[in-house]
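> fold the stuff below for me.
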Amino acid sequence: VVDNKVFVHPLPFNLIPHIDKFQSNNYTKEEMKVIWETKKIFELSDSDIKITCTAVRIPTLRAHSEAISIETAKPISADDVRELLRSAPGVKVVDDPLNNIYPMPLNSSNCYDVEVGRIRDSLVFSPNGIELFVSGDQLLRGAALNAILIAEKIIQLKN
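Got it, this is the predicted structure:
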């Protein structure tokens, strides 16, 4: 039996869908931080974009992963998204699920690029949406580096 001195449940061989304190809306503070920080970085209001997430504590050494559902205003295909992401800086498309090739924390640790895969048309939003899975090393490609890269891009676009 594992002694739970740090987490409320055993972490080895387990997942805990609870990071930080629960808020009055039943989302955790970590989940709300994802929403707040995304809107802050992109200078978006609540009416500009709808974001939701569930943060899960997973026993990996140093990578974060996300399952992402995107609804778009116009039709979009998984093939178009895959091609677009192949040319995106800081992104590595790892997407061959029939051969068991997709992003995983074990493979994305110690890498600067964020791995993106499991790219598919959304069953919920199609033809105006896609689903994908990403994994990246939060120490090498975290919020601070992304904020710097976004700021550099904005400066570049203004000049």
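> C-alpha only now, for contacts and for neighbours.
Will do.
> Glu31 in helix, strand or coil?
helix (DSSP: H, G, I helix; E, B strand; the rest coil).
> isn't it right up against Arg57?
No - the criterion here is C-alpha atoms under 8 Å, and Glu31 misses it with Arg57 at 11.6 Å.
> who are the contact partners of the residue most central in space within the chain?
The structure's the chain has its C-alpha centroid closest to Glu66; by C-alpha atoms, centre = their mean the separation is 3.7 Å. Glu66 sits next to 133-135 when contact means C-alpha atoms under 8 Å, 6 or more residues apart in numbering.
> looking at those, which are in strands?
133-135 (DSSP state E).
> dump the residues you listed to CSV, plus neighbour count, pLDDT and distance to Ala151.
What follows is those, written out as CSV (neighbours: other C-alpha atoms under 10 Å; pLDDT from 0 to 100; distance: C-alpha to C-alpha, whole Å):
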residue, neighbour count, pLDDT, distance to Ala151
Phe133, 20, 95, 25
Val134, 24, 95, 22
Ser135, 24, 94, 22
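> nearest to Asn110, of the residues you listed?
Distances from Asn110 to the ones in strands among the contacts of Glu66, taken as C-alpha to C-alpha, are shortest for Ser135 (11.5 Å).
> work out for me the element the nearest residue to that closest one once chain neighbours are set aside sits within.
Excluding the flanking residues, the one nearest Ser135 by C-alpha to C-alpha, 6 or more residues apart in numbering is Ser65, at 4.1 Å. Assessed by DSSP states H and E, Ser65 sits inside strand 63-71.
> just give the strands next to that strand in its sheet, each with its orientation.
strand 129-137 (antiparallel) (DSSP bridges).
> distance to Asp48 for the contacts of Glu66 - can I get that in TSV?
Below are the contacts of Glu66 laid out as TSV (distance: C-alpha to C-alpha, whole Å):
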residue	distance to Asp48
Phe133	23
Val134	23
Ser135	26
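> if you count surrounding residues, which of Glu31 and Arg57 has more?
Glu31 (22 against 15; other C-alpha atoms under 10 Å).
> OK, contacts around the more buried one?
19, 52-55.
> so how many other residues sit close to the residue nearest to Ser135?
Ser65: 21 neighbours (other C-alpha under 10 Å).
> which residues of this structure fall in strands?
Residue ranges of the strands in the chain, as given by DSSP E, are 63-71, 91-93, 114-121, 129-137.
> worst average pLDDT in the ones you listed?
Lowest mean pLDDT within the strands of the chain: strand 63-71, a mean of 91.
> quick one: it to chain centroid distance?
Taking C-alpha atoms, centre = their mean, to the nearest Å, the mean C-alpha location of strand 63-71 is offset from the chain mean by 4 Å.
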